[in-house]
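J.: Could you look at this predicted model? Sequence included:
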Amino acid sequence: MRHHRLSSLLLAIAALGVTAGITLQSRSSTSTGVDSTIADSDSPSTNSAQAPAFLVVAGGGAPRYNEIALEKNVRYFQRTLAYLEQSLAEVTIFFANGNDGQATIRYLDPRGTERFKVPDIDALTGAATQDNVQAWLDTYPQTAKGRKHCPAFMYFTGHGARNSSDADNNAMILWEEALMSVQDLATALDQWPTETPFVTMMAQCYSGSFANLVYEGGDPARPVAPQSRCGFFATVKTRPSVGCTPLVNEADYRDYSSSFFAGLSGRDRLGEAVASADYNDDGAVSYAEAHAFAKVDGETSDWPISTSETWLQRQVSTTEETAILDVPIQDWLNQARPEQRFVITSLSTRLGYPLTTSFNASPAPQAQFFSPPQEVLTAYHQRLRMELLNVGMEDAIRSGEDAAAIAVLEQLLACEAGSW
């Protein structure tokens, strides 16, 4: 598999509020061995949907950017599992340096002094090394749950690396500054049985690139893989994301992980109830509905995106985009799914756009004294634009005669409609 190191690269680290990212200058590769395996589980699935196996990969690549927010994200993920009555025994957690006892987590004490602490995560499996993550991916199909084709859900909270020569193949930064690219991960998934679904949520910079996991080998020039794969990402492939901070108080956290898991579970980081994200009133919150909740809840500069949305937006031409955005906003509501209607109406309200006007006829938002910051208003504006394009392109594809495109769309939407 491809294996990159950062020793010769300049790593730009944001101390507060923004998940750090780097830019890849090379796509060289070497092979690496795999020296760890995952535990087998004989727990039966609880229903016909089959309870997922969970993989968490988290932390920075080195102590200097292994912020405490990343540890707290893992602990919030565990609380989310508990809220949704999922077994913590089904979770493999790889975090930074793992269980070696070294103080690698960076945080600021009440005086603002930088300090480091030992990871404190219940049931921590080990370090977020390339070998450990690769071993999990390689061996999951042979485990008891894997043999039953139970779905796998992977959560990545860490830092992202942008590939300067190909933003469709960005990477996750693992411990010891190893990189796992889109194509690395997709190539591993290509070895899985087609009956085994894979879902991911990623919150790092440039994470939208991982929407290309839906293609064989992670390459958009190749066919969509027959296996059910989908994902939800904090932002598009060309932008940094927010949420990586050494600050300790979770009440101040504003990021995609916070919003997505609040929408999914109905509980925020502090355990407080949030408005239901069950927009279709079917009694369960799907991944897609949690993603929609995050688009409205997240008062950040992020532009969240999913696999189906990336696929749809890849289809749109300049002419089609103009046509979609010239239509009155309300005209798209009848074509939209319930979670899309929620996003469109909520963001239009926040931006002060009448639904009777088109997006193109609406003014670009400008921050006022009591309004959200300009970067947040700009993000709302882009999220609304993207949502309208999603609805418009889905309508165009369904109205067409390309049976293969419709089948791909249905496959992606079915995966995104899943839940725990």
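T.: Structure's in. What do you need?

J.: Let's verify Asn132: helix, strand, or coil?
T.: helix (DSSP: H, G, I helix; E, B strand; the rest coil).

J.: Pretty sure it sits against Phe94.
T.: Yes - Asn132 is within contact range of Phe94, at 5.1 Å (criterion: Cβ atoms under 8 Å). Quick note: C-beta positions are derived from backbone N, CA and C, even for glycine.

J.: Mind listing the shared neighbours of those two?
T.: Listed as contacting both Asn132 and Phe94 by Cβ atoms under 8 Å, 6 or more residues apart in numbering are 125-126.

J.: element containing Val343?
T.: helix 338-351 (DSSP states H and E).

J.: That helix: which residues count as buried?
T.: For helix 338-351, the neighbour count (16 or more other Cβ atoms under 10 Å) marks 339-348, 350-351 as buried.

J.: right, and out of those residues, which lies closest to Pro373?
T.: Closest to Pro373 out of the buried residues of helix 338-351 is Arg350 (13.1 Å), distances taken as Cβ to Cβ.

J.: Contacts only, for that closest one.
T.: With Cβ under 8 Å, 6+ apart, Arg350 has these contacts: 296, 380.

J.: That one and Pro365, how far apart?
T.: 9 Å (Cβ to Cβ, to the nearest Å).

J.: same thing with Thr235?
T.: 19 Å.

J.: Comparing these two, which residue is more hemmed in?
T.: Set Thr235 next to Pro365 and count neighbours by other Cβ atoms under 10 Å: Thr235 wins out with 27 against 20.

J.: isn't there a helix covering the more buried one?
T.: No - Thr235: not assigned to a helix; according to three-state DSSP it is coil.

J.: Now for it: which residues touch it?
T.: By Cβ under 8 Å, 6+ apart, Thr235 lies in contact with 205-208, 241, 256, 302-305.

J.: Any chance of the backbone angles for it?
T.: phi -160, psi 170 (degrees, to the nearest 10).

J.: still on that earlier bit, please state the mean pLDDT value computed over the helix or strand just after the helix holding Val343.
T.: Counting by DSSP H and E, the element after helix 338-351 in chain order, helix or strand, is helix 374-399. Averaging pLDDT along helix 374-399 gives 97.

J.: what packs against the following helix or strand past helix 374-399?
T.: Where DSSP H and E defines the elements, the next helix or strand beyond helix 374-399 is helix 403-416. Contact analysis of helix 403-416 by 3 or more Cβ pairs under 8 Å, 6 or more residues apart in numbering; DSSP states H and E lists strand 229-233, helix 287-297, helix 307-315, helix 374-399 as its packing neighbours.

J.: let's see it at 10 Å
T.: Under the contact criterion of 3 or more Cβ pairs under 10 Å, 6 or more residues apart in numbering; DSSP states H and E, helix 403-416 touches strand 198-202, strand 229-233, helix 287-297, strand 305-306, helix 307-315, helix 374-399.

J.: Buried residues, it. List them.
T.: 405, 408-409, 411-413, 415-416.

J.: what pLDDT, on average, does that helix get?
T.: 97.

J.: and the angle from it to strand 229-233?
T.: 60 degrees (axes from the mean of the first three to the mean of the last three Cα atoms, to 10 degrees).

J.: So what touches helix 403-416?
T.: 151, 197-199, 211, 214, 223-232, 286-289, 291, 306-312, 315, 337, 339, 393-394, 396-400, 402 (Cβ atoms under 10 Å, 6 or more residues apart in numbering).

J.: Now for Arg350 and Pro365: what residues contact both?
T.: 371-372, 376-377, 380-381, 384.

J.: Would you list the phi and psi of Glu90?
T.: Backbone phi and psi, for Glu90 under degrees, to the nearest 10, turn out to be phi -90, psi 10.

J.: again but with Leu179, I slipped
T.: Dihedral angles for Leu179 - degrees, to the nearest 10 - are phi -110, psi 140.

J.: Quick one: the helices in the stretch 51-200 of the chain, in order.
T.: Assigned by DSSP state H, counting those that start in this stretch, the stretch 51-200 of the chain shows helices spanning 68-83, 130-139, 144-147, 182-190.

J.: quick one: buried residues of the third one?
T.: So that's helix 144-147. 145-146.

J.: repeat for the longest one
T.: In terms of neighbour count (16+ other Cβ under 10 Å), helix 68-83 has its buried residues at 68-74, 76-78, 80-81.

J.: Restrict it to CA atoms and write it as CSV.
T.: Taking C-alpha atoms only, helix 68-83 is exported to CSV below (Å, rounded to 0.1, in the frame of the first residue of the first chain):
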residue,chain,number,x,y,z
ILE,A,68,-7.4,17.3,23.5
ALA,A,69,-10.5,18.0,21.4
LEU,A,70,-9.6,14.8,19.4
GLU,A,71,-9.7,12.7,22.6
LYS,A,72,-12.9,14.4,23.7
ASN,A,73,-14.4,13.6,20.3
VAL,A,74,-13.8,9.9,20.8
ARG,A,75,-15.4,10.0,24.3
TYR,A,76,-18.4,11.8,22.8
PHE,A,77,-18.6,9.1,20.2
GLN,A,78,-18.7,6.5,23.0
ARG,A,79,-21.5,8.4,24.8
THR,A,80,-23.4,8.5,21.5
LEU,A,81,-23.1,4.8,21.2
ALA,A,82,-24.5,4.4,24.7
TYR,A,83,-27.4,6.8,24.0
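
J.: pLDDT (mean, whole number) over it?
T.: 98.
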